[in-house]
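Participant: From the sequence below, what's the structure:
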Amino acid sequence: MEDLQRKIDDYLLGRLEGDALISFEEQLSQDAQLQQEVEEQKHAIQNIERLEDRKRKNRLELIHANYIVQSDLAKRSVEPNRARPFFWYLVGVAAAVGLLLMVYYFSQFQSPASLYEQN
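Facilitator: Below you'll find the model as predicted:
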């Protein structure tokens, strides 16, 4: 039985040649049960190929999706962000104003050394 299955596989996959091929085709033309087994094996091989195609397709879709995500992230990191320079400009202005207010506030008081001398 295993030898017959192997011959059917070899026949369907195109691995039988010469006398072996001729002999198998003669046997196939005369044996209805063998014809049925060949058809069943052919359908099984087709189903396996379809399954492999689906797996390959799913894998390619996953790779494609990952590529799209990565390329989108790369585009975002390369594109200049116009809001950042303006934000840092505002931070610099706020820091300068704060520094000026601190200088003014502390200049209103006398130094601790002069307070000590007055007493």
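Participant: Touching stretch 26-39 from outside, list them.
Facilitator: Stretch 26-39 has contacts (C-beta atoms under 8 Å, 6 or more residues apart in numbering) with L4, I8, Y11, L12. Glycine gets a C-beta too; all of them are placed from N, C-alpha and C.
Participant: Okay, helices next: where are they in this structure?
Facilitator: Counting by DSSP state H, the chain has helices at residues 2-12, 18-30, 32-78, 83-107, 112-118.
Participant: Quick check: which of the ones you listed has the most neighbours on average?
Facilitator: Mean neighbour count (mean count of other C-beta atoms under 10 Å) peaks for helix 2-12 among those, with a mean of 14.
Participant: tell me the angle it makes with helix 32-78.
Facilitator: Inter-element angle recorded for helix 2-12 and helix 32-78: 60 degrees (by axes from the mean of the first three to the mean of the last three C-alpha atoms, to 10 degrees).
Participant: quick one: contacts of helix 2-12?
Facilitator: In contact with helix 2-12 (C-beta under 8 Å, 6+ apart) are residues R15, L16, A20, L21, F24, L28, L34, E37, V38, Q41, K42, I45.
Participant: per-domain residue ranges of the chain.
Facilitator: 1-79, 82-119 (automatic domain parsing).
Participant: Need those in JSON lines (columns: mean pLDDT).
Facilitator: Shown next, in JSON lines, are those (pLDDT from 0 to 100):
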{"stretch": "domain 1-79", "mean pLDDT": "85"}
{"stretch": "domain 82-119", "mean pLDDT": "79"}
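Participant: what about stretch 17-36, distance to the chain center?
Facilitator: How far stretch 17-36 lies from its chain's middle: 47 Å, per C-alpha atoms, centre = their mean, to the nearest Å.
Participant: Going forward, the N-terminal residue is numbered 49.
Facilitator: Happy to do that; since the first residue is 49 now, the last one works out to stretch 65-84.
Participant: Would you mind extracting the C-alpha trace of that stretch into CSV?
Facilitator: The C-alpha trace of stretch 65-84 is given here as CSV (Å, rounded to 0.1, in the frame of the first residue of the first chain):
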residue,chain,number,x,y,z
GLU,A,65,9.7,8.5,-16.1
GLY,A,66,10.2,6.0,-18.8
ASP,A,67,8.9,2.4,-18.3
ALA,A,68,7.7,3.2,-14.8
LEU,A,69,5.4,5.9,-16.1
ILE,A,70,4.1,3.8,-19.0
SER,A,71,3.4,0.9,-16.7
PHE,A,72,1.6,3.1,-14.1
GLU,A,73,-0.5,4.7,-16.8
GLU,A,74,-1.5,1.3,-18.2
GLN,A,75,-2.4,0.1,-14.7
LEU,A,76,-4.3,3.4,-14.1
SER,A,77,-6.4,3.0,-17.3
GLN,A,78,-7.5,-0.5,-16.3
ASP,A,79,-8.1,-0.1,-12.5
ALA,A,80,-11.1,2.1,-11.5
GLN,A,81,-10.1,1.9,-7.8
LEU,A,82,-6.6,3.2,-8.6
GLN,A,83,-8.2,6.0,-10.6
GLN,A,84,-10.3,6.9,-7.6
